[in-house]
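> what follows is a predicted protein model with its sequence.
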Amino acid sequence: FSKVSKNTFFTGKKILITGGPTREAVDPVRFFTNHSSGKMGFALAEEAAKKGADVTLISGPVNLDTPEHVRRIHVDSANDMYEAVMEHYANQDIVIKAAAVADYRPKTVHQQKVKKSDGLLTIEMERTKDILHELGATKRHQFLVGFAAETNDVMEYGRKKLKKKNLDAIVINDVTEQGAGFGSDTNAVTYLNKLGEEMQLSMSTKSDIARQILQFIESDMKDGRL
Ligand code: CTP
Ligand code: CA
């Protein structure tokens, strides 16, 4: 396709982005999920593609059109996302994990609809794999960016995740902030790199926040300190 891009840094760079929620089945008619709309991940994919990057977007179930020139892979559960991400990880230059991955899934997935009965229902949940943690543990040349969705002690939890998951940078999101929560077309975040440098991106459209995040990634990668 003919696409003129002035940006030379992202041209041809392979970027893997995840977005949206995951679904964890209980039975054929029910699942657990979360409020993620996928808008932040899709905005990142769209802006990266506009800059000429070779973008693969792995997304959970969302109601959004695939941005132009983006390779989209649909997944459902956290385990599906894990497998799709691992399959594509090795030859990526940059990975940005904006997806809201379920931390737990029902331990037993019933093959038939669970019928109601009187009294309480208990569903035993088991941990899913932490995809980003595994990416950090097996990182080679990739620039790895995580997200942190927090409601309290936002910066402290964000910093801990950056370290624990061996990330190059993290985008910290206070989801209780007005206009920065789930489903919104706007966001306000802090970009924190592994040198401890913090950039506050004030309330703006998710497209604008996405462009700024990509700019910080570019300058962090370029100056070679990371
Ligand atoms: N993540 C992941 N796999 C999981 C859970 C989270 O890859 N099973 C990634 C998310 O995509 C995000 C980052 O880890 O980039 C942080 O997710 P978040 O839910 O904020 O943190 P958790 O590490 O799951 O910790 P907690 O939910 O307890 O705050
Ligand atoms: Ca989580």
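Done, it's in. Ligands and ions are numbered 1, 2, ... in the order given.
> what's the spacing between the spatially most central residue of the chain and residue 120?
The chain has residue 98 as the residue nearest its centroid, 1.5 Å off, counting by C-alpha atoms, centre = their mean. Residue 98 is 36 Å from residue 120, where distance means C-beta to C-beta, to the nearest Å. Every residue, glycine included, has its C-beta placed from N, CA and C.
> then residue 194?
Relative to residue 120, and taking C-beta to C-beta, residue 194 is found at 46 Å.
> between the two, which one's more packed in?
The neighbour count for residue 194 versus residue 120, taken as other C-beta atoms under 10 Å, is higher for residue 194 (16 against 5).
> in the longest helix along the chain, what's buried?
Looking across the chain with DSSP state H, the single longest helix is helix 206-222. For helix 206-222, burial by neighbour count (16 or more other C-beta atoms under 10 Å) applies to 206-218, 220-221.
> can you give me the strands in the protein?
Listed in chain order, the strands found in the chain under DSSP state E are 14-19, 24-27, 30-32, 54-59, 70-74, 94-97, 104-106, 125-127, 143-150, 169-174, 186-193, 198-205.
> ok, the fourth one: who's next to it in the sheet?
The pairing partners recorded for strand 54-59 under DSSP bridges are strand 14-19 (parallel), strand 70-74 (parallel).
> and the third one, by the same measure?
Strand 30-32 sits in its sheet next to strand 24-27 (antiparallel), going by DSSP bridges.
> which residues does the strand it pairs with contact?
31-33, 77-78, 102, 104-106, 109-114, 123, 128 (C-beta atoms under 8 Å, 6 or more residues apart in numbering).
> same thing with stretch 34-45?
With C-beta under 8 Å, 6+ apart, stretch 34-45 has contacts from 17-21, 55, 57, 59-60, 62-64, 67, 70, 96, 98-100, 102, 147, 181-185, 187, 205-207, 209-210, 213-214.
> what do you get if the cut-off is 7 Å, keeping everything else the same?
Residues from elsewhere that reach stretch 34-45, judged by C-beta atoms under 7 Å, 6 or more residues apart in numbering: 17-21, 55, 57, 59, 62, 64, 67, 70, 96, 98-100, 102, 182-183, 185, 187, 206-207, 210, 213.
> same question, stretch 126-145
Residues contacting stretch 126-145 (C-beta under 7 Å, 6+ apart): 78-79, 81-82, 85, 89, 92-97, 101-105, 107, 146, 165-171, 217, 221.
> just those residues that are near ligand 1?
For ligand 1, the contacts drawn from the contacts of stretch 126-145 by C-beta under 6 Å from any ligand atom are 78, 97, 101, 103, 146.
> quick check: residues of this structure near ligand 1?
78, 97, 99, 101, 103, 128-132, 146-149, 161.
> returning to that earlier point: narrow the contacts of stretch 126-145 to those that are buried.
78-79, 81-82, 85, 89, 92-97, 101-102, 105, 146, 165-171, 217, 221.
> from ligand 1, how far off is the residue of the chain most remote from its centre?
Relative to the C-alpha centroid of the chain, counting by C-alpha atoms, centre = their mean, residue 118 is the outermost residue, at 39.6 Å. Noted for residue 118: a distance of 34 Å to ligand 1, by C-beta to the nearest ligand atom, to the nearest Å.
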